[in-house]
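*Asks:* any chance you could fold what I've pasted below:
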Amino acid sequence: MAIYPKAVQRLIPHNPLQDPRITPRVAVLHVDAGGATGADLARYFTVGSGGIESHFSIDYDGTVTQFRDTAYQADANMSANGFAVSIETQGKAEGAWTTAQLEAIKALLLWLHDVHGIPLVKCPRWDGSGVGYHILFMQEWAGGPRSCPGPLRIQQFGSVIVPWMAGNHAPASAIPSVPKAPIIAKVIQKVTRAALAVDGVMGPATIRQWQKVMRTSVDGVISRPSVLIRAVQERVGVTRDGILGPNTWRGIQRRLAVPADGIPGPITIKALQRRLNSGQF
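*Replies:* Sure, this is the predicted structure:
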């Protein structure tokens, strides 16, 4: 499951045939254009939307609501539904994102980058990877002429979100107190003999154990998750871009001699546990 820990959970039913598993590579920002809260949208997506839904919404005060696990499809982006995470924002068509909404957007994008490897860049093409807004690719993402998320928010995307992504930083309020790489962290914590808490937090003790596995200097210091992931990527022979995405998992899977589908499922995790436990990764 891929559940954002800072979100209010209002998960709506999904049909496995219509809403299959996906590998997200794009985050798309919307506006609901009616001023609806997350609770309002949960009701709408459940009974009145005609099969259209988003993964998240962000209220004026920055409250994030999650409607669907991001490992499964939500249908708000036309041709991009099979690889996009949809983010609604409360507001009217002519309005702008509040400061609280902008901070919540940044925090959510960091989580999507960490969990799914979605690059913190403006998406270069409709079927590419990165972050965008609904009418960035009018026909492919919106299905024709629209204004979503509105001209002022599009200006904010260019003047606030894009520079923030380019700087690869965020205000302290939007960054966890310690770097996180949940899947790798939990595996290390479960299989090492260091009496580590299995909390998915890549803190100093867990980092030291990973450094021992990777045979690097053991200082317990890694400034961002991307540094850790680059060490993994160098070991498994894939591009060192700092993203724990499908390409990196395929490299890990090839090293583990399991099916290289880019998805860290039970077979991959068990194989990784065995390798780390034997010290042979």
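
*Asks:* going by C-alpha atoms from here, please, whenever you check contacts or count neighbours.
*Replies:* Noted.

*Asks:* okay, now the unreliable bits of this protein?
*Replies:* 1, 49, 168-188, 190-203, 213-228, 241-244, 277, 279-281 (pLDDT under 70).

*Asks:* could you identify the longest helix within it?
*Replies:* The longest helix of the chain (DSSP state H) is helix 99-116.

*Asks:* and that one, what's buried?
*Replies:* Neighbour counts over helix 99-116 (16 or more other Cα atoms under 10 Å) mark 101-116 as buried.

*Asks:* ok, and the closest non-adjacent residue to the residue nearest the centre of the chain?
*Replies:* By Cα atoms, centre = their mean, the mean C-alpha position of the chain lies nearest to residue 112, the distance being 1.3 Å. Spatial nearest neighbour of residue 112, excluding adjacent residues (Cα to Cα, 6 or more residues apart in numbering): residue 118 at 6.0 Å.

*Asks:* what is the neighbour count of that neighbour?
*Replies:* 26 (other Cα atoms under 10 Å).

*Asks:* just the one 3 residues further on next, same as before
*Replies:* Residue 121 is flanked by 18 other residues according to other Cα under 10 Å.

*Asks:* contact partners for the nearest residue to it once chain neighbours are set aside?
*Replies:* The spatially closest residue to residue 121, leaving aside those adjacent along the chain, is residue 130, at 5.1 Å (Cα to Cα, 6+ apart). By Cα atoms under 8 Å, 6 or more residues apart in numbering, residue 130 lies in contact with 25, 26, 27, 118, 119, 120, 121, 122, 123, 124.

*Asks:* and residue 118, what are its phi and psi?
*Replies:* phi -70, psi 120 (degrees, to the nearest 10).

*Asks:* test my guess that it contacts residue 128.
*Replies:* No - in this structure residue 118 lies outside contact range of residue 128 using Cα atoms under 8 Å: 10.4 Å.

*Asks:* mutual contacts of these two, please.
*Replies:* Common neighbours of residue 118 and residue 128 (Cα under 8 Å, 6+ apart) are 25, 26.

*Asks:* could you pull out the strands for the stretch 51-200 of the chain?
*Replies:* 56-58, 64-66, 84-89, 130-133 (DSSP state E, counting those that start in this stretch).
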